[in-house]
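Colleague: show me the folded form of this:
(chains A and B)
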Amino acid sequence: MTQRTAYLNARLIDPATGLDAIGGLLVEGTRIADFGPGLFAGGVPEGVTAVDCTGLCLAPGLVDLRAFVGEPGFEHNETILTASRSAAAGGITALAALPTTDPVVDDVAGIEFIARRARETKLVKIFAYGALTRENAGKELAEIGLLMEAGAVGFTDGGPIADPALMRRALSYASTFAQTIFQHPSEPRLAGGVMNSGEIATKLGLAGIPPMAEVIMLERDLRLVEMTGGRYHAANISTAESVNVIRRAKARGLSITCDTAPPYFSLTEMDVGDYRTFFKLKPPLRSEMDRRAIVEGLADGTIDAITSDHQPHDQDSKRVPFAQAAFGAVGFETLLPLVLDLHHKGQVPLARALAAITHIPADILGLRRLGRLAKGGAADLVLFDLDRPWRIEAEKLASKSKNSCFDKRPVQGMVMRTIVDGRSVFTRAA
Amino acid sequence: MATHPHDIDGRADSFSHRHLLGIQGLTAPEINLLLDLADRYVEQNRAGAKSDLLAGRTVVNLFFENSTRTRTSFELAARRLGADCINMSVDGSSVKKGETLIDTAMTLNAMHLDALVVRHQESGAPKLLADKVNCAVLNAGDGQHEHPTQALLDALTIRRRLGTLKGLTVAICGDILHSRVARSNIQLLNIMGANVRVVAPPTLLPSAIGELSVEVHHSMKTGLKDADIVMMLRLQLERMQGQFVPSQREYFRFFGLDYEKLAVAKPGALIMHPGPMNRGVEIDSLVADDIHRSVILQQVELGVAVRMACLDLLVRHKG
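Modeller: Okay, the predicted model is just below:
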C-alpha cells in the first residue's frame, strides 16, 4: 500500500503562489496529495504517519541552479554521493550540475552518466547542464539538440564565452530548441587577476580583476541577445554596475534572467584579509558598495535567483599562496541560512528570498513542476526552523571538501528535514 | 529576320536584357518566356536533335571557382546550339581581385566573344564584368548572391511536374545563409506567385531573412507541413563542424530530410536538391533516390535546356 505521511501544524510557505499559513500537507507515495490551512482539522486518518511540524516552516525543496558535483573526474573533491548528502543537508531537493568535469559533459553519454549516478545515489534530483562548446573550449558548438533530447537542462561552459561571434551563434542556435545559455560574464582578457581590483589588492600586491570585466561582457551579451532573440541567463552577478545594467535591460523589455550566490551579498573583499584563500572566488568578492547593490537587486527582483555555486576543492588546492589557490567555495549547506539572513535583516521579504531558491530557479531550468507546492506534484519539500540560531562549522559539513568561506559564521535558520519524492533524504538528529 | 522555330509566338524579341546576372529584375512574363523556350529545348534534346542557331558564335565559360556540373551543363547547352565553346578555369587564389578581374574582362572583350558564362566566389563579380564587356554575361553563380539558371531549372522542373508555380508552397531547407541558390529561388518563386518558406536553424539564416517575403521556420515539422515542394540545400563540410551547426549527426537529426520529417508534407510532395548531395547529412539516401518523389536527376536534365534557352535569348539577336 502507498505510504502516506501527514505533516501537521506547519507554516506552509509556497513562494510561487504566495501561500503562507499554518496548515497540513499530505504526502501519498511520491506525490503531494493535498495541502492547506484546514487540512487534518478533523484529525489524521488511520494508516497515515503523522509528523508534527509545530514551529517549523514547510516549503518546496530548494532548487539549486548551479553546482559542481565532482563526477566524473574530480572524485577527490566531491562525488555524486557526497554532493547529494551535502545538498540534502542543505534542504536542496534538485540541483543542476555543471559540465566542467573530466571528461566534459559535451555528449549524450555524459548526460546519461550523470542521470544514472543520480538514480543510483537516490538522494536528491540531479540534472545536468550540457557544455555549450566542445570540450568547453569556446570554439565549436556542442550538440545542443541531441544533448537537450538526452535531458540537458541548459547550456554553459561553466566559464565565459569570450568570442562574440560564437556567442551570437550559440544564442541563435540554442533558440531553435528553446534552450537557455548560462553565461559567466567575465572578459578573460581583463580578468586575469586573483581578487577584486582596488585598494586591498593593491596593498596585498595581488593582481586585480576589475568589475568592468564583468560589466563589459554582460553589456556585450545583452546586445547579442537583442539581436538574436536568444535565451540568456547571467550567472554569478557580483557588481553594482552589473545590477544596473540588468535592471535597465529588463526595463526595456529584454527577457533575461540572472543569479548571484550568497558570498556576493554576504561578504566583501575585506574578508580576503590576510591572504585567506578560502575567500578566493570567481568572480571575486567585491566592495561593500557592490554587496549592497546585490542585496538591492535581490530585493527588487532584478536578480532572479540565488545559487549555492557549490565549488568543492580539497585542502591542497587552498593551502597554497593566494595566487596559486583554486577559485571557489562549497555552498550547499550554507545556502538556506544565508538566504534567510536577508529576511532576518529585513532586507528581502521572506517569500521573495525563498522564491529565489525554489520556483524561480526551477522555471529558469525549464523544470516548471519543481520548486512549488502543488497537488499531484512531486513531494520535494524542506522542513526548516526559520529562527533557530547556529554556527556554521566547515569541518561538520557533509560535503567531501570543506572549503567554506562561512566557517564560524553565526546564522539563523536550520534545515530539519529534506524530503525528495516523499522520502526523507535528510533528517536532523534532535 | 526569319522566324525561328523556337520563336515562342513572337515573344522572343520582347526579351530586352543584355545579360542574365540574376533573377532580380526579371518579370513573370520574361521568366515564362524562358521556361516556354526551355520546354522546347527539352523536347529537342530528348529527340537527340541539335541546332545550328548559334553557329559561328563563341561562348566562354569563365570559372573562378571549381564546378563540374554547372560548367558541363553550360558547355553542352552551347554546343547543342552550334556555338563554339571554350572553358577557362582560373584559380581564384592566384587572382588579385578587382583590377585583375577587369583586366581579364578587357582581354576577353578584345577577342569578340558572344557570351561569357561566369562563376566567381565573390558576390557581384559578374556584374563588374558585365559593365566592361560588349558580350552577354550569364551568371553561373556568384558568391552568396545569385545562381539564376539554377532557379530557372528548378522552376521548369516544378512546372513540368505540377503545371504551375502559382499558389504552391515551397519549403527551402538548409544553409540559406551561404546559398546563392536559395536567394535566386526565393525571388523567382515569389515573382511566380508561390508561397516560399525557409527552414533552417537561425545560424544558417541571414539576419534579415524576414524581409524577403518568406515564412521563416526553425523546425522541419512546421516548415514542411503541407508543402508541395521540399527543396534541400547542400551544407558545406566546413560549416558542419561546430561553427554554424554542432555536427553532421545533429544536423541530420533535426534538419536532414528523411521519411519521418517528410510525412507532414503533402502526399507526393516533390523533393529537389541542386546537388551535389551530402547523403546522410541534409538528405537521407532513401529519400534522395525515391523515384516517385525525388526529381533531382530531372533537375540536371532540365538544366541543359534552361541554359540553352538563356544562351539563345541573349545571344542570337546580338551583333
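
Colleague: got a list of contacts for stretch B:164-174?
Modeller: B:155, B:158-159, B:162, B:182, B:185-186, B:189, B:192-200, B:204, B:214, B:217, B:220, B:223-224, B:226-235, B:255, B:257, B:265-266, B:282 (C-beta atoms under 8 Å, 6 or more residues apart in numbering or on different chains). All C-beta spots, glycine's among them, are computed from the backbone N, C-alpha and C.

Colleague: for the stretch 1-150 of chain A, what spans make up the strands?
Modeller: A:4-14, A:19-28, A:31-36, A:49-52, A:57-60, A:62-67, A:92-97, A:125-128, A:130-131 (DSSP state E, counting those that start in this stretch).

Colleague: could I get these as TSV with mean neighbour count, distance to chain B and mean pLDDT?
Modeller: Putting the strands of the stretch 1-150 of chain A into TSV (neighbours: other C-beta atoms under 10 Å in any protein chain shown; distance: least, C-beta to the nearest C-beta, whole Å; pLDDT from 0 to 100) gives the following:
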stretch	mean neighbour count	distance to chain B	mean pLDDT
strand A:4-14	21	35	97
strand A:19-28	19	38	97
strand A:31-36	19	33	97
strand A:49-52	15	47	96
strand A:57-60	27	33	98
strand A:62-67	29	23	98
strand A:92-97	29	21	98
strand A:125-128	23	17	98
strand A:130-131	28	10	98
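
Colleague: that older thread, selecting buried members of the contacts of stretch B:164-174 in PyMOL, what would you type?
Modeller: Filtering the contacts of stretch B:164-174 down to the buried ones (16 or more other C-beta atoms under 10 Å in any protein chain shown) takes a single PyMOL command:
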select buried, chain B and resi 155+158+159+182+185+186+189+192+194+195+196+197+198+199+200+204+214+217+220+223+224+227+228+229+230+231+232+233+234+235+255+257+265+266+282
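
Colleague: which members of the contacts of stretch B:164-174 occur in strands, if any?
Modeller: Those of these mapping onto strands are B:195, B:196, B:197, B:198, B:199, B:217, B:229, B:230, B:231, B:232, per DSSP state E.

Colleague: could you tell me which residues of chain B lie near chain A?
Modeller: Residues of chain B lying close to chain A by C-beta under 8 Å from any C-beta of the partner chain are B:201-203, B:207, B:218-219, B:241-247, B:249-250, B:253-254.

Colleague: hmm, try it at 7 Å
Modeller: Selection of chain B residues close to chain A by C-beta under 7 Å from any C-beta of the partner chain yields B:201-203, B:218, B:241-244, B:246-247, B:250, B:253-254.

Colleague: against residue A:106, how distant is the residue of the stretch 51-200 of chain A found nearest chain B?
Modeller: Taking C-beta to the nearest C-beta, chain B has its nearest neighbour within the stretch 51-200 of chain A at residue A:140, 2.2 Å off. For residue A:140, the distance to residue A:106 (C-beta to C-beta, to the nearest Å) stands at 10 Å.

Colleague: can I assume residue B:138 sits in a strand?
Modeller: Yes. Judged by DSSP: H, G, I helix; E, B strand; the rest coil, residue B:138 forms part of a strand.

Colleague: one step back: just the pLDDT for the residue nearest to the residue of the stretch 51-200 of chain A closest to chain B when sequence neighbours are not counted.
Modeller: Computed as C-beta to C-beta, 6 or more residues apart in numbering or on different chains, the closest residue to residue A:140 that is not its neighbour in sequence is residue B:242, at 2.2 Å. With respect to pLDDT, residue B:242 scores 73.

Colleague: next, count neighbours for residue A:227.
Modeller: Using other C-beta atoms under 10 Å in any protein chain shown, residue A:227 has 12 neighbouring residues.

Colleague: repeat that for residue B:128.
Modeller: Count around residue B:128 with other C-beta under 10 Å applied: 18.

Colleague: hmm, residue B:104 and it touching each other?
Modeller: No. Using C-beta atoms under 7 Å, residue B:128 is not in contact with residue B:104, being 10.3 Å away.

Colleague: which ones are touching whichever residue of the stretch 201-319 of chain B sits closest to chain A?
Modeller: Across the stretch 201-319 of chain B, no residue is closer to chain A than residue B:242, which sits at 2.2 Å (C-beta to the nearest C-beta). Residues counted as contacts of residue B:242 (C-beta atoms under 7 Å, 6 or more residues apart in numbering or on different chains) are A:134, A:139, A:140, A:141.

Colleague: how about the second one, nearest residue that isn't a chain neighbour?
Modeller: For residue A:139, ignoring the flanking residues on the chain, the nearest one in space by C-beta to C-beta, 6+ apart is residue A:133 at 6.1 Å.

Colleague: looking at the strands of the stretch 1-150 of chain A, which is nearest to residue B:261?
Modeller: With C-beta to C-beta, the closest approach to residue B:261 among those belongs to strand A:130-131: 23.6 Å.

Colleague: show me where the stretch 151-300 of chain A has its strands.
Modeller: A:155-156, A:180-183, A:195-196, A:208-209, A:231-234, A:256-260.

Colleague: counting neighbours, which of the contacts of residue B:242 comes out on top?
Modeller: Within the contacts of residue B:242, neighbour counts (other C-beta under 10 Å) peak at residue A:141, which reaches 25 neighbours.

Colleague: and the gap between it and residue A:108?
Modeller: Between residue A:141 and residue A:108 the computed distance is 15 Å (C-beta to C-beta).

Colleague: what do you get for residue B:201?
Modeller: 19 Å.

Colleague: next up, phi/psi of the residue nearest to residue B:221 when sequence neighbours are not counted, please.
Modeller: Spatially, and ignoring its direct neighbours in sequence, residue B:221 is nearest to residue B:264 (6.1 Å; C-beta to C-beta, 6+ apart). Per-residue torsions, residue B:264: phi -80, psi -10 (degrees, to the nearest 10).
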